[in-house]
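A.B. asks: Fold the following.
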Amino acid sequence: MSRKLVVLATLALLGTTACSRRGEIDASGGITAVRTVCPSVGVPAATGDITLFSSPTDRTADAIDVTASITNVRATCSDGGDPITSQLTFDVLARRTNTDGAREVTLPYFTTVLQGGSVIVAKRVGRVTLRFEPGQARAQASGTGTAYITRAAATLPEDVRRQITRERKAGQEDAAVDPLADPAVRTAVAKATFEALVGFQLTDEQLRYNVTR
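C.D. replies: Numbering: from 1, shown residues only. Modelled structure (predicted):
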C-alpha cells in the first residue's frame, strides 16, 4: 500500500527564501518550493474499487452484482494548530446489475495515515450506504474521514532543514549534489512526510480479485 515519495521529497528539498514564492527562481538561480506539513491525499493501489458477486463461488462477469469506486478525494487541512487536522471527503459511485426494486448497499472503507510511505500510524474504518431507486442502475454517496498528525512529527529537524535550504553556489564542490544522497537527510524527510489515504476495506479475496483481474 505504500507509494514512492520521490516527487514530494524532491519538492521538500528545494530551498526557500523569505522573498521567493512557490515556483520562482531565486537570486542563486535555484527554483524554490514550499514544503507543507499537511499530508498528501490519495487512494492506495487496488483499494479504490470493490466488486460484489451474486454467487459465493462464481467470479465471472455474469455473476457481478454490484461494483463501486472511490473518486473525487479532497482534503481541507488545518495546519495552524497541533495536531494538524486534515478533513477528507470523497464520492462513491456504484452500479448494480439487477435493477428490480429499491435496494441499499453498505460498503466498508478505511482512512489511514501513512508515514514515510510505509508505516501506518493510524487507521479508522467507516461505512458508506448507497441507495438504488427502483429501476435505477447507478447510485452515488459521499464519505468522510479525518487525519490527525502531530506538528513535531511533520516538522524537519533544524539541522536537516539547514542542510537542505543552505545556499549553494556554482563551482562549489557540492553544488550539484542532491541532499537526498545523504541517507540521514533522506530518512529525516521520509519520517516527516505523511499521507492521508482512503480506500475500500477489502477482504483478502476482494483484494486478490482487484490485483489479478
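
A.B. asks: Next, report how far stretch 115-131 is displaced from the centre of its chain.
C.D. replies: Relative to the mean C-alpha coordinate of its chain, stretch 115-131 is positioned 10 Å out (C-alpha atoms, centre = their mean, to the nearest Å).

A.B. asks: How about it, which residues are buried there?
C.D. replies: By neighbour count with 16 or more other C-beta atoms under 10 Å, stretch 115-131 contains the buried residues 115, 116, 117, 128, 130. In this view, the C-beta of every residue, glycine as well, is placed from N, C-alpha and C.

A.B. asks: Same check on stretch 78-85?
C.D. replies: Of the residues in stretch 78-85, those buried by neighbour count under the rule 16+ other C-beta under 10 Å are 79, 84, 85.

A.B. asks: Ranking helices and strands of the chain by mean pLDDT, which lands last?
C.D. replies: Scoring the helices and strands of the chain by mean pLDDT, DSSP states H and E places helix 6-13 at the bottom, with a mean of 31.

A.B. asks: Would you mind splitting this structure into its domains for me?
C.D. replies: Structurally, the chain divides into domains by automatic domain parsing as follows: 1-35+156-191, 45-113+120-149+197-213.

A.B. asks: and those domains, which one is worst for confidence?
C.D. replies: The weakest mean pLDDT among the domains of the chain belongs to domain 1-35+156-191, with a mean of 57.

A.B. asks: ok, back up a step: residue 164: which of the buried residues of stretch 115-131 is nearest?
C.D. replies: Using C-beta to C-beta, residue 116 is the member of the buried residues of stretch 115-131 that lies nearest residue 164, at 16.6 Å.

A.B. asks: Surely the closest one is in contact with residue 191?
C.D. replies: Yes - contact criterion C-beta atoms under 8 Å: residue 116 and residue 191 qualify, at 5.4 Å.

A.B. asks: so where do the strands sit in this structure?
C.D. replies: With DSSP state E, the ranges of strands along the chain come out as 40-42, 49-53, 64-78, 84-96, 103-115, 119-132, 138-149, 194-200.
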